[in-house]
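*Asks:* just coords:
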């Protein structure tokens, strides 16, 4: 698998317009549990703290974003969204180099969709470093390759992260 695979583009205006109303400090499990994510903030939409292919937990803000998730799913090959979280990487923060090694990641395609970003926010997977443009649907190889993110810009970066199970 390539470090980055572009699956298409979606209009993220509807998602971005809802970000201001979120409580970015209400949920901190991901930051407390995984040290590499300590500088991020997370709003879970569809998320289990212990990966479970059979169960999907809808969180407080899920209903607000459900139409947006359905629109994104319509752009992808047949399958289902297993997890969906919004991740904010504030100005000047980073996610250090790491590899996601849980068995969970072998079942899913990890999709990143930039909602807000800036040209100085760079995502590295393996030896490939890119600025991911707003609205692009990127699959990253998080299981096999080390990856990191640096936000050296003047605005926060927000990605919608989806774990996607393909039926085919």
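*Replies:* Received it, and whenever you're ready, just let me know what you need. Everything numeric here is computed off the predicted structure, so don't read it as measured data.

*Asks:* going forward, measure contacts between C-alpha atoms and count neighbours the same way
*Replies:* Noted.

*Asks:* what's the neighbour count on the closest residue to residue 94 other than its chain neighbours?
*Replies:* Using CA to CA, 6 or more residues apart in numbering and skipping the chain neighbours, the partner closest in space to residue 94 is residue 150 (4.3 Å). By the criterion of other CA atoms under 10 Å, residue 150 has 20 neighbours.

*Asks:* show me what the helix or strand harbouring residue 150 is packed up against.
*Replies:* Residue 150 is part of strand 147-151 when elements are defined by DSSP states H and E. The helices and strands touching strand 147-151, judged by 3 or more CA pairs under 8 Å, 6 or more residues apart in numbering; DSSP states H and E, are strand 94-98, strand 121-125.

*Asks:* of all those strands, which one is nearest residue 13?
*Replies:* strand 121-125 (19.4 Å; CA to CA).

*Asks:* who's in contact with that closest one?
*Replies:* Strand 121-125 is contacted from outside by 3-4, 129-132, 140-142, 145-153, 157, using CA atoms under 8 Å, 6 or more residues apart in numbering.

*Asks:* from those, list the buried ones, please.
*Replies:* The neighbour-count test (16 or more other CA atoms under 10 Å) applied to the contacts of strand 121-125 identifies 3-4, 132, 140-142, 145-153, 157 as buried.

*Asks:* and which of those is nearest residue 116?
*Replies:* Distances from residue 116 to the buried ones among the contacts of strand 121-125, taken by CA to CA, are shortest for residue 157, at 5.2 Å.

*Asks:* now the closest one: closest residue in space, sequence neighbours ignored.
*Replies:* residue 117 (4.5 Å).

*Asks:* swap in residue 143?
*Replies:* residue 100 (5.1 Å).

*Asks:* surely the one you found is in contact with residue 142?
*Replies:* Yes: contact criterion CA atoms under 8 Å: residue 100 and residue 142 qualify, at 5.6 Å.

*Asks:* quick one: pLDDT of the residue nearest to residue 157?
*Replies:* On the pLDDT scale, residue 117 is placed at 98.
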